[in-house]
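Student: Let's see this in three dimensions:
(one chain, ligands or ions: 1)
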Amino acid sequence: MLIPREIGGCLDALEQAGYEAYLVGGCVRDALLGLTPHDFDICTSALPEQTQAVFSGCRLVENGKKHGTIGVVTGAGVVEITTYRTEGGYGDCRHPDWVEFVGDLREDLERRDFTINAMAWSPARGLQDPFGGREDLKNGVLRAVGDPSRRFREDSLRILRGVRFAVRFRLTVEEETWQAMVRQAGLMDALARERVYEELCRILPLVTAEDLCRFAPILAAAVPELGPMIGFDQHSPHHAYDLFTHTAHVVAAVPEELTLRWAALLHDTGKIPCFTRDENGRGHFYGHAPRGAQIAGEVLTRLRAPTALRERAVTLIAQHMTRLEPDRKLLRRALSRLGWEGVEQLLSLQEADMISKGTGEHDASDHFTRVREALSQLRQEEACFAVRDLAVNGRDLMALGLQGADIGLCQRLLLSQVLDENLPNEKDALLGYARTWAATRG
Ligand code: CTP
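Tutor: This is a model prediction of the structure:
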């Protein structure tokens, strides 16, 4: 295993002082998969005070000492060195109520979540793999260490971590582990919402539609609004899929960008409360876009998502049924409202929505190509979409005698004329129009 010099130095220093020291967890798993680990955790038989003594010549981070972790500041960043430990009594399903330092590596590995994360390696003693993690990796299996129910009771976030590892490394979940994940998914209610949000943010960019369908019951435990969508028949000739399967396809079809993935996941949540059927039995969802935007706002607020992400996702959902057209004036209006990024996101969402109905009816449409062509033409023209892009500014308008609120009013009027292509975005033309308008204001 190739390890950075600083990491090797920490392992050597502990071994030379007479302690055992191993790389452990994710870095061993990643190295066995041929991936470059993004961080290296060390576990050791040394007690925290002993680790401090070994690295007394270095800058140390000691705020994790109570749980056995000493951070050693090296040229390659902070290396976390944790004393072998067991833990227990997870009153809040998050932090262990107690940790107990132990002398044995196996006991330390035993308290970890999955076999693939419960391996250790040292240059001196090689791979330590008491639970068959290497074999599970080779066979593509995700398996809890020991009793799965106990592992998920200790920290129910492990259920979502399991989804992430299964998706990321394309693993099949071993049956007992899977049963416990589903059975105990409700324990996630006790987790801090931001932990759930962070884990979902790590999952969403990785998923395929099949992944989302496979893990639907767990995702629905994390975001209950998704629950009623699973298996929901839309009673529509335009939809071959149930509502959740359609949603899963939309998520996978938008670019792997978080805001879009969240918007896609929640875009049809309004369909459930807005569902009606006509006399022919056909399903309708009048008003589902604004209702979905409201629900998405509630979900993302509850999960403590950043305001910018929440607001953009809500806007995209509110507008996902208002189709962008290859019409310059309409596109200018949309660009003025949403900006370039917003319009491109909306277009991606609308396109993903369209191609994810499972009927194939829109496959031949060149609608989105035409919208993109019109947008690229507007981009080349460096067109004006906001007051700040106008060829006149507030000072120019004051020079015409306009004051106070009239200045803003005039700017918005000018922008509207430019967006509709009634006026070119040129100083003389705009000033001429503003002068006439100012005269009408007396
Ligand atoms: N671990 C655990 N239960 C958790 C979190 C972590 O058992 N709820 C253990 C696992 O052995 C894991 C190690 O602590 O490998 C380090 O955790 P973390 O850094 O969160 O994850 P990694 O496995 O390193 O994977 P990644 O960083 O890719 O998420």
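Student: In stretch 176-189, which of the residues would be classed as buried?
Tutor: Residues of stretch 176-189 classed as buried: 177, 178, 180, 181, 184, 185, 187, 188 (neighbour count, 16 or more other C-beta atoms under 10 Å). Placement of C-beta: from N, CA and C, glycine included.
Student: and if you look at stretch 163-172?
Tutor: Residues 163, 164, 165, 166, 167, 169, 171 are the ones in stretch 163-172 that count as buried (16+ other C-beta under 10 Å).
Student: Kindly report the residues of the protein close to the ligand.
Tutor: Within the chain, the positions near the ligand by C-beta under 6 Å from any ligand atom are 25, 26, 41, 112, 113, 117, 118, 155, 157, 158, 161.
Student: Next up, the contacts around the first one.
Tutor: Counting by C-beta atoms under 8 Å, 6 or more residues apart in numbering, residue 25 makes contact with 41, 112, 117, 118, 119.
Student: let's go with 6 Å and repeat that
Tutor: 41, 117 (C-beta atoms under 6 Å, 6 or more residues apart in numbering).
Student: residue ranges with poor pLDDT in the stretch 51-200 of the chain?
Tutor: Counting by pLDDT under 70, the stretch 51-200 of the chain has low-confidence residues at 89-95.
Student: Show me the strands in it, by range?
Tutor: 60-61, 69-74, 77-83, 85-88, 98-101, 120-122, 126-128, 141-142, 172-173 (DSSP state E, counting those that start in this stretch).
Student: and the second one, which strands flank it?
Tutor: Pairing partners of strand 69-74, with direction, according to DSSP bridges: strand 60-61 (antiparallel), strand 77-83 (antiparallel).
Student: swap in the last one?
Tutor: Using DSSP bridges, strand 172-173 pairs in its sheet with strand 141-142 (parallel).
Student: Can you name the residue of the protein nearest to the ligand?
Tutor: Going by C-beta to the nearest ligand atom, the ligand is nearest to residue 26 of the chain, at 2.2 Å.
Student: How about the backbone phi and psi for that residue?
Tutor: Dihedral pair for residue 26: phi -50, psi -40, per degrees, to the nearest 10.
Student: again, but for the one 10 residues further on
Tutor: Here is the backbone geometry of residue 36 (degrees, to the nearest 10): phi -90, psi 120.
Student: And what about the nearest residue to it once chain neighbours are set aside, helix, strand or coil?
Tutor: Nearest residue to residue 36 in three dimensions, chain neighbours excluded: residue 30, at 7.0 Å (C-beta to C-beta, 6 or more residues apart in numbering). State at residue 30, reduced to three classes by DSSP: H, G, I helix; E, B strand; the rest coil: helix.
Student: For residue 30, give me the pLDDT.
Tutor: Model confidence at residue 30, given as pLDDT, is 97.
Student: Give me the neighbour count for it.
Tutor: Residue 30 sits with 18 neighbouring residues when counted by other C-beta atoms under 10 Å.
Student: Help me confirm that it comes into contact with residue 39.
Tutor: No: using C-beta atoms under 6 Å, residue 30 is not in contact with residue 39; the gap is 9.6 Å.
Student: re earlier: make TSV from the strands paired with strand 69-74 and add distance to residue 301 to it.
Tutor: Formatted as TSV, the strands paired with strand 69-74 follow (distance: least, C-beta to C-beta, whole Å):
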stretch	distance to residue 301
strand 60-61	34
strand 77-83	33
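Student: Mean neighbour count, the ones you listed: which tops it?
Tutor: Most buried of the strands paired with strand 69-74, by mean neighbour count (mean count of other C-beta atoms under 10 Å): strand 77-83, with a mean of 21.
Student: Can you verify my assumption that residue 253 contacts residue 351?
Tutor: No: at 7.6 Å, residue 253 and residue 351 do not qualify as touching, with contact defined as C-beta under 6 Å.
Student: neighbour-wise, which of these two wins?
Tutor: Counting neighbours by other C-beta under 10 Å for residue 253 and for residue 351 shows that residue 351 has the greater number, 21 against 18.
Student: Mind telling me what element that one is part of?
Tutor: Element membership for residue 351 (DSSP states H and E) is helix 328-355.
Student: which of the residues in that helix are buried?
Tutor: 328, 330-332, 334-336, 338, 342-355.
Student: For it, what is the distance to the chain centroid?
Tutor: How far helix 328-355 lies from its chain's middle: 21 Å, per C-alpha atoms, centre = their mean, to the nearest Å.
Student: Equivalent analysis for stretch 243-252, please.
Tutor: 16 Å.
Student: can you tell me the average pLDDT over that stretch?
Tutor: For stretch 243-252, mean pLDDT is 98.
Student: could we number from 35 for the rest of this?
Tutor: Sure thing, new numbering starts at 35, so read that last one as stretch 277-286.
Student: Apart from its neighbours in sequence, what residue is nearest residue 45?
Tutor: The nearest residue in space to residue 45 (C-beta to C-beta, 6+ apart) is residue 55, at 4.7 Å.
Student: wait, what's in contact with that neighbour?
Tutor: Applying C-beta under 6 Å, 6+ apart to residue 55 gives the contacts 45, 48, 49, 76, 78.
Student: hmm, 10 Å instead?
Tutor: 44-49, 76-80, 85, 88, 115, 154, 156-159 (C-beta atoms under 10 Å, 6 or more residues apart in numbering).
Student: cool, and residue 157?
Tutor: Contact partners of residue 157, counting by C-beta under 10 Å, 6+ apart, are 35, 37, 42, 45, 46, 49, 55, 56, 57.
Student: now the helices for the stretch 285-434 of the chain?
Tutor: Along the stretch 285-434 of the chain, counting by DSSP state H, counting those that start in this stretch, helices occupy 292-300, 305-308, 322-336, 341-353, 362-389, 401-414, 428-433.
Student: Could you dump these into a markdown table and include mean pLDDT?
Tutor: Converted to a markdown table, those look like this (pLDDT from 0 to 100):
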| stretch | mean pLDDT |
| --- | --- |
| helix 292-300 | 98 |
| helix 305-308 | 96 |
| helix 322-336 | 98 |
| helix 341-353 | 98 |
| helix 362-389 | 94 |
| helix 401-414 | 93 |
| helix 428-433 | 94 |
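Student: For residue 106, which of the ones you listed is the nearest?
Tutor: helix 292-300 (32.9 Å; C-beta to C-beta).
Student: Just want the angle from the closest one to helix 362-389.
Tutor: Relative orientation of helix 292-300 versus helix 362-389 (axes from the mean of the first three to the mean of the last three C-alpha atoms, to 10 degrees): 60 degrees.
Student: buried set for helix 292-300?
Tutor: 292, 293, 294, 295, 296, 297, 298, 299, 300.
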